[in-house]
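Trainee: give me coordinates for this.
(one chain, ligands or ions: 2)
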Amino acid sequence: MRDAEPVPVRLADYRPPAWLVDTVDLDVSLHPTATRVISRLALRRNPEGAADAPVVLDGDGLTLVRVALDGAPLAGGAYEATPQSLTLRAPTADRFVLEVETLVNPTANTRLMGLYRSSGNYCTQCEAEGFRRITYFPDRPDVLSVYTVRVEADRAEAPVLLSNGNLERNGPVADTGRHYTIWHDPWPKPAYLFALVGGNLSKVPDHFVTRSGRPIELGIYVEPGKESRASYAMDALKRSMRWDETAFGREYDLDVFNIVAVSDFNMGAMENKGLNIFNDKYVLASPETATDADYAGIESVIAHEYFHNWSGNRVTCRDWFQLCLKEGLTVFRDQEFSSDQRSRPVKRIADVRTLKAAQFTEDAGPLSHPVRPDTYREINNFYTATVYEKGAEVVRMLKTLLGEDGFRAGMDLYYDRHDGDAATIEDFLAAFAEATGRDLSHFALWYAQSGTPRVTATGAYDEAARSFRLDVRQETAPTSGQSEKKPVMLPLTLGLIGPDGADQPLTLGGSNMPHPVIEVTEAEQSFVFTGLDARPVLSLNRGFSAPINLSTNLSDEDLVFLAAHDADPFNRFDAMQGLALRLLKTGAAEGRLPDATPLVEAARRVLTDTTLDPAFKAQALALPGENEIAREIATDVNPDAVFTTRRALRAVLAEALAAPLGETYDALTTTSPYSPDAAAAGRRSLRNLALDYLTSGATSEAIARAQAQYGAADNMTDRFAALAVLSQHDTPARTEALADFYRRFVNDPLVIDKWLSLQAQIPEEGTLERVKALTLLPVFSMSNPNRVRSLVGAFAVGNPTQFHRASGEGHNFLVDVVLGLDATNPQVAARLLSAFKSFRQLEPARRASAERALQRVAVTPGLSADVADIAIRSLS
Ligand code: ARG
Ligand code: ZN
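Mentor: Residues are numbered from 1 along each chain as shown. Ligands and ions are numbered 1, 2, ... in the order given. This is a model prediction of the structure:
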């Protein structure tokens with residue numbers, strides 16, 4: 001069934017709910033095609049809601065069986081039911097119990113929202129508006145209720161039956177072969193946090209004792225046979241629970257915490273109270289099947305969902321415009337957790353790479369929107385890099401402004417004051433303002449204004465005055481729906497580095513700066529630092545303290561100096577990237593790479609510096625990706641020119657640094673058994689980066705080395721890195737290795753995803769045909785989101801030269817997939833379509849092709865709200 005024309009929802013139209021639901025009693029009798037849901041809602045008129053408003057409950061594709069009010073069946077004329085809503089016609093008392101029985105078909109649910117089946121198991125996804133696909137309900141996050149859930153199923157089909165909260169009772173249903181469990185969640189929650197699971201699953205058990213001594217039973221449920229692959233996730237869970245106690249003073253609050261891994265899931269995972277449901281990609285790992293990146297991903301998603309128990313569940317969002325209240329904050333929290341568990345600088349570099357690749361790109365194109373949007377047609381399209389990643393950056397800036405203690409005091413006040421509430425961004429900021437006495441009204445603009453500020457910093461040393469003057473200008477270009485922009489508040493962490501490489505003391509306006517942070521609030525502002533005996537080199541926006549596009553008047557020599565000496569590892573990395581980007585931009589524009597000697601020498605120093613962490617070296621030596629280069633070029637981008645230039649620069653580095661790269665590779669070759677810890681992972685990442693450079697010339701010796709690594713690897717990280725290197729060169733070795741990999745892992749869908757995605761990213765003419773052929777393999781399925789993302793998503797986002805082929809075939813292919821998928825899974829279809837988000841930066845012919853492709857979508861009748869929304873906004 002297709003959706004009707006999407007009607008925009010506006011933040012300005014928010015009204016409190018007219019009716020509240022104090023308790024929800026659900027009785028769900030699972031059946032593959034006719035699951036019976038009986039819901040008993042204790043409704044109460046909201047004194048703060050519109051008086052006299054009738055009871056209107058949301059639905060989505062529901063089949064109503066019966067309605068009863070305070071135990072008495074309601075006659076047909078007393079209510080109006082459609083698949084989309086249930087309205088009570090007659091006036092009612094201010095408090096009553098409504099009983100509603102509906103039927104749903106989980107097997108036919110291909111949208112993977114509401115109650116559906118994955119590998120035969122029953123599971124749910126209710127955020128954002130999936131609960132209304134299970135039963136009629138005021139499906140909005142500011143209606144919080146206490147849930148008691150009885151789940152019943154055929155014992156053979158579903159021996160495991162789970163819901164939120166604590167298990168109260170279970171037992172057989174006499175003479176039926178069926179059984180039931182009853183779950184009670186004492187914490188009031190919005191419907192989007194409801195979850196239910198039924199199936200044949202194995203429990204990996206463990207336990208945790210909170211710091212106040214409460215024992216918690218932990219369980220990770222996986223498909224039978226996969227138990228051993230859940231141990232890393234369990235370890236990450238226990239570390240997350242401890243970390244939230246020490247870092248934020250937050251304990252877990254139920255007797256059980258369960259996680260279920262399912263193989264068909266629209267996103268990463270879901271924080272349902274006490275019953276997180278995960279895409280199995282973020283649970284299952286073994287050294288032979290998962291890479292270091294997979295392990296890191298599991299650690300951060302497990303942490304993310306667990307941390308939502310406070311930032312999202314105990315304090316939830318008043319409405320979906322406030323999504324960043326829980327998502328931005330929780331991403332910030334999971335980033336901090338991973339930083340504490342691993343290397344902080346390396347984690348920061350990786351996070352900023354993600355931010356720039358996903359969010360800066362989004363903000364530079366037609367899908368740009370504020371961290372807190374003020375209107376939407378389809379909320380599922382707002383689970384974006386802006387809400388998540390930029391939302392986390394805003395919280396990070398808050399911490400930079402308020403300091404460690406001020407930030408913690410604000411968080412404590414926020415939790416204490418809003419525990420059990422559905423809160424807003426205003427509530428969040430008010431807690432920090434009150435806890436610290438700071439006026440955050442200007443800072444709040446970060447939530448409302450979209451676009452990435454462009455900041456120009458010009459430094460000048462005055463030898464006579466022994467002073468350094470820093471002029472900062474900021475400007476944000478107009479974005480869709482926002483033509484007027486104001487200056488935002490920028491906390492810029494900085495250092496002034498003396499000729500000896502050491503940070504100089506910072507004296508501003510005659511006094512020493514206690515914190516090395518300047519606060520820029522105006523469009524143009526100057527800062528004069530005094531007491532400097534020699535010309536310093538400016539290191540600005542250390543740690544990427546503000547999410548901005550920064551340009552400075554630093555020379556190439558200054559960047560080389562920073563790459564060697566900056567005390568801030570992020571800016572050392574950034575200086576390397578800056579040098580590379582300057583070369584690549586010129587190279588792509590002029591078709592000829594300028595002299596790369598300064599970068600080569602800086603890279604040599606990083607590579608041979610024995611004091612540096614290998615993981616850091618790997619980040620610093622990795623060239624900016626094609627998409628990042630394109631974003632820097634910003635207009636009339638020719639992806640082929642970007643690709644060619646980047647290849648050329650890689651070859652220059654590889655040739656000049658062949659000796660130290662070879663030594664690095666050999667020195668990091670180890671026989672010790674695989675461990676996913678950060679230090680070992682860092683060594684592998686540097687060794688595999690060296691392999692990539694060393695193979696760039698595709699000499700037979702180099703290909704043989706990659707082949708040898710592929711064959712000898714005892715872990716997926718090294719095997720897959722070798723395969724990735726081989727995949728970049730059209731040789732028989734590639735064909736062999738790809739075939740071997742397929743044979744080894746044909747029964748392991750999560751590993752096959754890697755194989756699909758690698759091939760989708762081969763930057764060669766034949767790739768589109770290859771991708772089309774891969775869609776026909778039995779291991780591929782358009783109904784599994786992971787497969788679709790790995791193949792089609794990777795092609796559209798990770799292969800700019802082929803997706804943006806001048807012929808338009810790449811664009812057409814994506815549109816064909818999107819239109820085909822829209823009928824069954826609009827959310828995934830819309831997500832794929834957003835790969836066009838940066839089409840306006842392309843050169844005219846490719847831009848026109850992308851526009852035609854988007855128009856072909858827009859004019860298709862019967863589109864889902866999800867896809868229609870992305871098409872309309874992309875073209876606006
Ligand atoms: N809240 C989930 C998270 O942890 C994501 C839910 C996404 N839902 C959606 N409809 N896209 O980030
Ligand atoms: Zn989240």
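
Trainee: name the residues that touch the lowest-mean-pLDDT helix or strand in the chain?
Mentor: None of the helices or strands of the chain scores lower by mean pLDDT, DSSP states H and E than strand 511-512, at a mean of 94. Strand 511-512 is contacted by residues 505-506 when judged by CB atoms under 8 Å, 6 or more residues apart in numbering. Heads up, the C-betas are built off the backbone N, CA and C, glycines and all.

Trainee: buried residues of the helix or strand just after that strand, list them for me.
Mentor: Note on strand 511-512: by DSSP states H and E, the next helix or strand toward the C-terminus is strand 517-520. For strand 517-520, the neighbour count (16 or more other CB atoms under 10 Å) marks 517-518, 520 as buried.

Trainee: near ligand 2, anything from the longest helix along the chain?
Mentor: When the chain is parsed with DSSP state H, its longest helix is helix 391-418. No. Contact of helix 391-418 with ligand 2 (CB under 5 Å from the ion) is absent, the minimum separation being 10.0 Å.

Trainee: hmm, back to that, and the buried residues of strand 517-520 as CSV, adding pLDDT and distance to Ser29?
Mentor: Listed next are those as CSV, based on pLDDT from 0 to 100; distance: CB to CB, whole Å:
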residue, pLDDT, distance to Ser29
Val517, 98, 59
Ile518, 98, 63
Val520, 98, 61
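
Trainee: so Leu649 touches Leu593, yeah?
Mentor: Yes. Assessed by CB atoms under 8 Å, Leu649 is found in contact with Leu593 at 5.9 Å.

Trainee: okay, and the common contacts of the two?
Mentor: With CB under 8 Å, 6+ apart as the test, Leu649 and Leu593 both reach 583, 587.

Trainee: those two - which one has more neighbours?
Mentor: Set side by side, Leu649 and Leu593 show unequal neighbour counts under other CB atoms under 10 Å, the larger going to Leu649 at 22 against 19.

Trainee: any idea how far Arg582 is from the more buried one?
Mentor: Leu649 sits 11 Å away from Arg582, going by CB to CB, to the nearest Å.

Trainee: now Ser441
Mentor: Distance of Ser441 to Arg582, given as CB to CB: 38 Å.

Trainee: shouldn't Ser539 be within a strand?
Mentor: Yes. Under DSSP: H, G, I helix; E, B strand; the rest coil, Ser539 sits within a strand.

Trainee: burial check on the residue of the chain found nearest ligand 1, number of neighbours?
Mentor: Across the chain, no residue is closer to ligand 1 than Tyr383, which sits at 3.8 Å (CB to the nearest ligand atom). Around Tyr383 there are 18 other residues, counting by other CB under 10 Å.

Trainee: for it, which non-adjacent residue is spatially closest?
Mentor: Nearest residue to Tyr383 in three dimensions, chain neighbours excluded: Met267, at 6.8 Å (CB to CB, 6 or more residues apart in numbering).

Trainee: next one: Pro370
Mentor: Ser450 (4.5 Å).

Trainee: surely that neighbour meets Ala364?
Mentor: No. With contacts defined as CB under 8 Å, Ser450 does not count as touching Ala364, sitting 10.4 Å away.

Trainee: quick one on the thing from earlier: of Ser441 and Arg582, who's got more company?
Mentor: Applying other CB under 10 Å to Ser441 and Arg582 shows that Arg582 carries more neighbours, namely 16 against 10.

Trainee: other SSEs contacting the helix or strand hosting the more buried one?
Mentor: Using DSSP H and E, Arg582 sits within helix 569-590. Taking 3 or more CB pairs under 8 Å, 6 or more residues apart in numbering; DSSP states H and E as contact, the helices and strands that helix 569-590 lies on are helix 344-354, helix 556-565, helix 597-608, helix 614-621, helix 626-633, helix 639-656.

Trainee: picking up where we left off before, surely the residue nearest to Tyr383 touches Asn380?
Mentor: No. Assessed by CB under 8 Å, Met267 is found out of contact with Asn380, at 9.4 Å.
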